[in-house]
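Undergrad: quick one: sequence and predicted model below, then my questions.
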Amino acid sequence: MKKYLIPVLIFLLNITITNGKSHSSGMHKPSDSTFYGKKWYAKIIYRQAGKDQLTLKPDSLTGKRTFIIFDNTKKSAGGNGGCNSFGGKLSVKGSYISISQIFATQMYCEGIQQSEDNFFSALKKVNRFKIKGSKLFLYKNRSLLIVLESE
């Protein structure tokens, strides 16, 4: 019995230490209500990681805004690219995120199409996120791709 007690105690201590570190990082856990179920409006998209910034505003013709909503129950992400509605499969583990199998309606919207294309392209590359206050930062490794904000 004693020979099993020490490995079990070490295992439990490891779990406690690991959990303590994840809480001290200053980042919200993805299960937090600050992440799921709310509209995250795109504010900035970088065409190339960290360069060539594109600031987004509501489209003057359609009045639509680029946003995304994350659904933990359905493991999905969806929203509007500024013109077309979209959806995709969501995977979140810690601060790692993947949005895959992205599909969208196929309308062409003059004046906003390039912004929407850049948004969808960036979403496919995202693999990490960070939340600070009301802002969500989406990265590919260390390169910032998209800045979103909830209202």
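TA: On my side now, so go ahead. Numbers count the residues shown, from 1 in each chain.
Undergrad: going forward, measure contacts and count neighbours with C-alpha atoms only.
TA: Will do.
Undergrad: how about low-confidence regions in this structure?
TA: 1-32, 48-63 (pLDDT under 70).
Undergrad: any idea where the strands of it begin and end?
TA: 40-48, 51-55, 67-71, 76-80, 85-93, 96-104, 128-132, 135-140, 143-150 (DSSP state E).
Undergrad: quick one: strands adjacent to the last one?
TA: Using DSSP bridges, strand 143-150 pairs in its sheet with strand 40-48 (antiparallel), strand 135-140 (antiparallel).
Undergrad: columns mean neighbour count and distance to Glu116 on top of those, output as TSV?
TA: Below are these laid out as TSV (neighbours: other CA atoms under 10 Å; distance: least, CA to CA, whole Å):
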stretch	mean neighbour count	distance to Glu116
strand 40-48	21	10
strand 135-140	21	16
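Undergrad: returning to what we had before: so which of the strands of the chain is nearest Asp117?
TA: strand 40-48 (9.9 Å; CA to CA).
Undergrad: I'd like to know how far Gly88 sits from Thr66.
TA: Using CA to CA, to the nearest Å, Gly88 is found at 15 Å from Thr66.
Undergrad: same question for Ser91.
TA: In this structure, Ser91 and Thr66 are 21 Å apart, going by CA to CA.
Undergrad: and the two? Which one has more around it.
TA: A count of neighbours by other CA atoms under 10 Å puts Thr66 above the other of Ser91 and Thr66, at 24 against 16.
Undergrad: got TSV for the strands paired with strand 143-150, with distance to Phe103 too?
TA: Converted to TSV, the strands paired with strand 143-150 look like this (distance: least, CA to CA, whole Å):
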stretch	distance to Phe103
strand 40-48	18
strand 135-140	19
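Undergrad: looking at these, which is closest to Ser150?
TA: Using CA to CA, these put strand 40-48 closest to Ser150, at 4.7 Å.
Undergrad: tilt between that closest one and strand 67-71?
TA: 110 degrees (axes from the mean of the first three to the mean of the last three CA atoms, to 10 degrees).
Undergrad: ok, back up a step: dump the strands of the chain into TSV; add distance to Thr34 as well.
TA: What follows is the strands of the chain, written out as TSV (distance: least, CA to CA, whole Å):
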stretch	distance to Thr34
strand 40-48	10
strand 51-55	23
strand 67-71	10
strand 76-80	15
strand 85-93	14
strand 96-104	15
strand 128-132	9
strand 135-140	10
strand 143-150	9
